[in-house]
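K.L.:
how would this look folded up:
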Amino acid sequence: MTQKKIGPVTVETVQGDITRQPDLDAIVNAANAALRTGGGVAGAIHRAAGPGLEQECLPLGPIKPGEAVMSGGHHLPNAHVIHCLGPVYGHDKPEDELLASCYRQALLLADRDGITAIGFPAISTGIFGYPIADAAEVSLKAVADVAPSLAAVKTVRFVLFSENDKAVFDHALTSI
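P.N.:
Sure, this is the predicted structure:
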């Protein structure tokens, strides 16, 4: 685990499974617009949470790139799931602002709800094609920009699927 203190918030990077982070109050879903099960991170979260998650989410969608909504965690070890729709790289413009908005909106939602510890995947880096190094810079800068204004959130964890993704996020974290 790599850590860095940014204002009142500790930002961490770990390699692992985002659905197995029992010490976090909320995890973030790299959602699709309809907030349905889908593949990738969304599929893993929905499978672990059970069918109640999709049932709760359907009336919350559709959402647009950069937006975030919150649901319960259902069968996950986390009380909440915050669903963000990241941009499709090369299609949704301006992709850097939309990606940053995902992280800001999720953190502000979490803070308003009193969530103290939240976990993020690398939003938009899977099937949406966002280059991992660019995504790491944009997401960590967004967290650093909003961190000083957070009252409740004390831990932000990036839960990354591969060793390579973690190494890229570690490098970006040391650079901010």
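
K.L.:
could you give me the average pLDDT of the biggest helix by length in the chain?
P.N.:
As assigned by DSSP state H, the longest helix anywhere in the chain is helix 95-112. The average of the pLDDT scores along helix 95-112 is 98.

K.L.:
same question, stretch 47-60
P.N.:
Mean predicted confidence for stretch 47-60 is 97.

K.L.:
List the single closest residue to the residue nearest the centre of the chain in space, sequence neighbours excluded.
P.N.:
Nearest to the geometric centre of the chain sits Phe120, at 3.1 Å (C-alpha atoms, centre = their mean). When the adjacent residues along the chain are set aside, Phe120 lies closest to Val28, with 4.6 Å between them (C-beta to C-beta, 6 or more residues apart in numbering). In this view, the C-beta of every residue, glycine as well, is placed from N, C-alpha and C.

K.L.:
Name the next helix or strand downstream of the host helix or strand of the one you found, please.
P.N.:
For Val28, the host element (DSSP states H and E) is strand 26-30. Downstream of strand 26-30, the first helix or strand assigned by DSSP H and E is helix 40-49.

K.L.:
Other residues contacting the helix or strand following that next one?
P.N.:
Moving toward the C-terminus from helix 40-49, the next helix or strand (DSSP H and E) is helix 51-57. Helix 51-57 is contacted from outside by 35-37, 45-46, 69, 71-75, 81, 83, using C-beta atoms under 8 Å, 6 or more residues apart in numbering.

K.L.:
buried residues in helix 51-57?
P.N.:
Across helix 51-57, burial judged by 16 or more other C-beta atoms under 10 Å covers Leu53, Glu54, Cys57.

K.L.:
Redo those residues as CSV? Include distance to Val168.
P.N.:
Shown next, in CSV, are these (distance: C-beta to C-beta, whole Å):
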residue, distance to Val168
Leu53, 29
Glu54, 31
Cys57, 30
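
K.L.:
which one of the residues you listed sits closest to Pro65?
P.N.:
Nearest to Pro65 among the buried residues of helix 51-57: Cys57, at 16.8 Å, using C-beta to C-beta.
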